[in-house]
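Asks: Pasting a predicted model and its sequence here:
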Amino acid sequence: MQAGTPARSALLLGATGLVGGHCLDLLLEEPAYDRVVVLGRRPLSRTHPKLEQHVVDFDRLETRAELFGVRDVFCCLGTTIRKAGSREAYRRVDLVYPHEAARLAAGGGAEQFLLVSALDADPTSRIFYNRVKGEVEMAVQGLPIERVVIVRPSLLLGEREEHRTGERIAGAVLRRLSPLMRGPLARYRPVQARAVAAALVRLAGEGRPGVRVVPSDRIAQIAAG
Ligand SMILES: NC(=O)c1ccc[n+]([C@@H]2O[C@H](COP(=O)([O-])OP(=O)(O)OC[C@H]3O[C@@H](n4cnc5c(N)ncnc54)[C@H](OP(=O)(O)O)[C@@H]3O)[C@@H](O)[C@H]2O)c1
């Protein structure tokens, strides 16, 4: 941090996940942040002098509104229909919770809300996943927050604790094909989860007002700086 630059505080949702875990590492390493608040439904097994963690009920986030009094809110929440158990439960994690978090961030005076969305997010899409991602993007953009950053990764690469066979096979195939995926296909190249997290943290450092939507094929470049 440069002399005279005020320290920043961050709140992170989804820190137990693939992108969120990398995001947490980077936020804790980043000297510009002096406080990193993590909200999760289960505790993390790590401690750090900057880390403050809270186990919360995501269906009652409004009861923890005071925790949203930070500068930057990072949302890396997500699930799959299979994991959540139903479309409705999926919608809750990928749309309702992020929207509520953004609403509380706006109410708490946060300057930035940074959201992990997905390639082809579109509220009018006939594909359910893309539609929900499009809806959450629209919902957070409609809130009075100075800056909203949305990153739209393609398939994520990285080591998961949990087994997702389909994603693992698709990742292996696409990684091999990646060098051949040029022009309009470049956007479908898989992207490292670590790069998504690095891009988010870097973009939070920019601080320009407005909405910034980052397509998948720009993520690695932004992450590299
Ligand atoms: N997977 C892909 O290839 C891909 C591609 C494009 C975009 N994305 C998007 O990228 C984002 C991050 O993905 P990821 O793979 O890093 O996610 P992930 O590893 O599955 O992590 C998801 C996070 O959300 C939390 N979460 C899930 N269900 C919850 C619930 N009911 N209540 C509270 N927290 C809950 C998880 O907490 P627990 O650890 O407690 O479950 C975890 O911290 C997601 O929005 C995803 O849709 C993913």
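Replies: That came in fine, so what should we check first? Numbers count the residues shown, from 1 in each chain.

Asks: What's opposite residue 33 in the beta bridge?
Replies: Judged by DSSP bridges, the bridge partners of residue 33 are residue 8.

Asks: right, and it touches residue 8 too?
Replies: Yes - Residue 33 is within contact range of residue 8, at 5.1 Å (criterion: Cβ atoms under 8 Å). The way it works is simple: take the backbone N, C-alpha and C, and place the C-beta from them, glycine included.

Asks: Quick check: mean pLDDT of stretch 80-91?
Replies: For stretch 80-91, mean pLDDT is 97.

Asks: buried sites along that stretch?
Replies: 81, 84, 90, 91 (16 or more other Cβ atoms under 10 Å).

Asks: same deal with stretch 200-207?
Replies: 200, 201, 203, 204.

Asks: Please enumerate the helices of this structure.
Replies: 18-29, 81-84, 87-91, 97-107, 128-141, 165-177, 193-206, 216-224 (DSSP state H).

Asks: Kindly spell out which helices and strands sit in contact with the shortest one.
Replies: This means helix 81-84. Here helix 81-84 is seen to pack against helix 87-91 when contacts are counted using 3 or more Cβ pairs under 8 Å, 6 or more residues apart in numbering; DSSP states H and E.

Asks: Residues in contact with the least confident helix or strand in the chain by mean pLDDT: which ones?
Replies: Within the chain, no helix or strand scores below helix 165-177, which has a mean of 74 by mean pLDDT, DSSP states H and E. Applying Cβ atoms under 8 Å, 6 or more residues apart in numbering, the contact partners of helix 165-177 are 155, 156, 157, 181, 188, 189, 190.

Asks: tell me which residues form a beta bridge with the second one?
Replies: Note on residue 156: beta-bridge partners residue 191, judged by DSSP bridges.

Asks: ok, now which ones touch it?
Replies: 18, 19, 167, 171, 190, 191, 192, 193, 196.

Asks: One more pass at 10 Å, please.
Replies: By Cβ atoms under 10 Å, 6 or more residues apart in numbering, the residues touching residue 156 are 17-19, 78, 116, 118, 164, 167, 171, 190-196, 216.

Asks: for the third one, same thing?
Replies: Contact analysis of residue 157 by Cβ under 10 Å, 6+ apart lists 18, 167-168, 170-172, 174-175, 178, 189-196.
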